[in-house]
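Q: Show me how the following folds:
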Amino acid sequence: MSVKLRFRRMGRKQHPVFGLVATDSRSPRDGRFIEDLGRYEPVAEPATVRFDAERILYWLGQGAQPSDTVRNLLQKEGILLRWALTRQGKEDGEIEVAVEEFRARRAEKVASTAKKTNAERRAEALAAEKAAAREKAAELAKARAEREAELRAQREAAEAEERAAAEAARDEAAAAAADSEALTTAADAPAADEADAQPTDADPAVQAAEQAAAEAEGADAAVAQATPETVAEEAPDAAQEQPAVEAETPEAVADETGAEMADQTDAGASQADAVEAAPATEAPDVAGTAGDAPTGDTPPGTAAAEPVAEPETVATEEAPTAEADDLTTVNGIGPTYSGILTNAGVTTFAALAETSVERIQELIAEAGSTTAGNEETWPEQARLLAAGDTAGLDTYLESLKS
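A: Down below sits the predicted model:
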């Protein structure tokens, strides 16, 4: 029986663990074995190797042959070096020194070329992110400081410009005030000189006041010279010029008023007799004589009786009213749509036939209802119903179903 040193699959799914066993070469990989010699966990970080070196050397001395994978691991662990030195007859101390030196060199080489574990990679990535964040924060702080400095400089420049503008405006206002004062002083000086040079008697207002005072003095003198004798002499002349006024007594006023009332009563009686004597069928045309003078038969001061013309009866022919049709006969028109069309003035088949589809849809929308979906067929159906062509209507409806 040939013995073989090889790995046996163990562990769980996606986390394998291999056991180093001495087994019959004819046995399956995961079948029966002779002896368990150690463990190998490749998915651990770092990979874990736990071998029983003494038993492995025993089986190598018994002629067991390792597999290629097992041979590589035994070489990395220094077990094959120990086996070779033992076969050469070296002392145990010498063998241990040689094995330790080999392991040191191997560890140095592995450290220089070993891959980083996931934890190490995560730690490095986190450190890199923190460094990048710090750099970004520093850049933002620097940019913010520069922006604030720029804004501060702009504000200071704007404030300086405003102060300069305000000072310039004050200077201009002061200069304008000085110019205005100088102009006012220069304008007042010639006027004062002219006032001093012109005499007071030449003022028109003063002359008018003096003339009014003189006229008032002349009027007072005339009033003082008037005597009672002068007034009495002038009064008879004024009395002669006035017309004589006859004295009116109460009796005379009453006589005149009674005469006027009697004349008006006689005139009213005469007018009534004339109206009764006139024929009832004759209606004199007085429309155009409203402004004419009264005739001799009508006494003065009375208005002529105007007969009232009877209103003429105008005979008008009423237009015949079309009888309303039952619009629900049209396929698709129910009581709701019939009411909407009737309210809009579409009461007959003929009127519906002349109404456009757009107008029908507009009426339905204005009424707050939804369209029936076949309103484009209503005018044609109404035309056939207005013509009394029921057979044509049935044919038209059948053609719509196909």
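Q: give me the low-pLDDT residue ranges for the chain?
A: 1, 113-116, 189-210, 212-322 (pLDDT under 70).
Q: How many residues are close by residue 331?
A: Number of residues near residue 331 (other Cβ atoms under 10 Å) recorded here: 14. To be clear about C-beta, it is placed using only N, CA and C from the backbone, and glycine gets the same treatment.
Q: no wait, residue 94
A: Neighbours of residue 94 (other Cβ under 10 Å): 11.
Q: May I have the residues that are in contact with it?
A: Residues in contact with residue 94 (Cβ atoms under 8 Å, 6 or more residues apart in numbering) are residue 85.
Q: Likewise for residue 70?
A: Contacts of residue 70 by Cβ under 8 Å, 6+ apart are 5-7, 20.
Q: Between those residues, identify the one with the most neighbours.
A: residue 20 (27 neighbours).
Q: So what touches the helix or strand containing that one?
A: Taking DSSP states H and E as the definition, one finds residue 20 inside strand 15-24. Strand 15-24 is contacted from outside by 1-11, 31-43, 51, 55-56, 59, 64, 70, using Cβ under 8 Å, 6+ apart.
Q: Tell me which of the contacts of residue 70 fall in strands.
A: Of these, the ones assigned to strands by DSSP state E are 5-7, 20.
Q: From residue 107, how far out is the closest residue to residue 118 other than its chain neighbours?
A: Sequence neighbours aside, residue 45 is the residue nearest to residue 118 in space, at 6.4 Å (criterion: Cβ to Cβ, 6 or more residues apart in numbering). Relative to residue 107, residue 45 is positioned 16 Å away (Cβ to Cβ, to the nearest Å).
Q: what does residue 326 give?
A: For residue 326 relative to residue 107 (Cβ to Cβ), the value is 109 Å.
Q: who touches the closest residue in space to residue 386 that isn't next to it in sequence in this structure?
A: The shortest distance from residue 386 to any non-neighbouring residue, by Cβ to Cβ, 6+ apart, is to residue 349 (3.8 Å). Residue 349 is in contact with 325, 327, 330, 382-383, 385-386, counting by Cβ under 8 Å, 6+ apart.
Q: can you pull out the helices in the stretch 251-400 of the chain?
A: Assigned by DSSP state H, counting those that start in this stretch, the helices in the stretch 251-400 of the chain fall at 335-343, 349-354, 357-366, 378-386, 390-401.
Q: Quick one: those helices as a markdown table, columns for distance to residue 90 too.
A: Output for those, formatted as a markdown table (distance: least, Cβ to Cβ, whole Å):
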| stretch | distance to residue 90 |
| --- | --- |
| helix 335-343 | 115 |
| helix 349-354 | 123 |
| helix 357-366 | 110 |
| helix 378-386 | 118 |
| helix 390-401 | 111 |
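Q: re earlier: immediately after the strand holding residue 20, which helix or strand?
A: strand 35-41.
Q: So which residues of the stretch 1-150 of the chain form strands?
A: Applying DSSP state E, counting those that start in this stretch to the stretch 1-150 of the chain gives strands spanning 3-12, 15-24, 35-41, 48-51, 65-66.
Q: Output the ones you listed in CSV, with distance to residue 95 appended to each entry.
A: Shown next, in CSV, are the strands of the stretch 1-150 of the chain (distance: least, Cβ to Cβ, whole Å):
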stretch, distance to residue 95
strand 3-12, 21
strand 15-24, 22
strand 35-41, 20
strand 48-51, 17
strand 65-66, 19
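Q: Each with direction, which strands does the strand holding residue 20 pair with?
A: strand 3-12 (antiparallel), strand 35-41 (antiparallel) (DSSP bridges).
Q: Can you tell me which of those strands is most buried?
A: Sort these by mean neighbour count, taking mean count of other Cβ atoms under 10 Å, and strand 35-41 sits at the top with a mean of 18.
Q: Make sure I have this right: residue 185 is in a strand.
A: No. Under DSSP: H, G, I helix; E, B strand; the rest coil, residue 185 falls outside any strand and is assigned helix.
Q: ok, back up a step: who wins for proximity to residue 137 among the helices of the stretch 251-400 of the chain?
A: helix 357-366 (63.0 Å; Cβ to Cβ).
Q: For the closest one, name the packing helices and strands.
A: Here helix 357-366 touches helix 335-343, helix 378-386, going by 3 or more Cβ pairs under 8 Å, 6 or more residues apart in numbering; DSSP states H and E.
Q: Please identify the buried residues of the first one?
A: When you say that, I think you mean helix 335-343. 337-338, 340-341 (16 or more other Cβ atoms under 10 Å).
Q: Kindly report the same for the last one.
A: Of the residues in helix 378-386, those scored as buried under the neighbour-count criterion (16+ other Cβ under 10 Å) are 378-379, 381-386.
Q: which one of these sits closest to residue 93?
A: For the buried residues of helix 378-386, the nearest to residue 93 is residue 378 (118.9 Å; Cβ to Cβ).
Q: Pretty sure that closest one sits against residue 332.
A: Yes. When contacts are counted by Cβ atoms under 8 Å, residue 378 is listed as touching residue 332 (6.5 Å).
Q: Could you find the closest non-adjacent residue to residue 31?
A: residue 23 (7.7 Å).
Q: what do you get for residue 27?
A: That would be residue 33: by Cβ to Cβ, 6+ apart, it lies 6.8 Å from residue 27.
Q: What residues does that neighbour make contact with?
A: Contacts of residue 33 by Cβ under 8 Å, 6+ apart are 8, 21-23, 27.
Q: which among these gets closest to residue 146?
A: Out of those, the member with the shortest distance to residue 146 (by Cβ to Cβ) is residue 8, at 68.6 Å.
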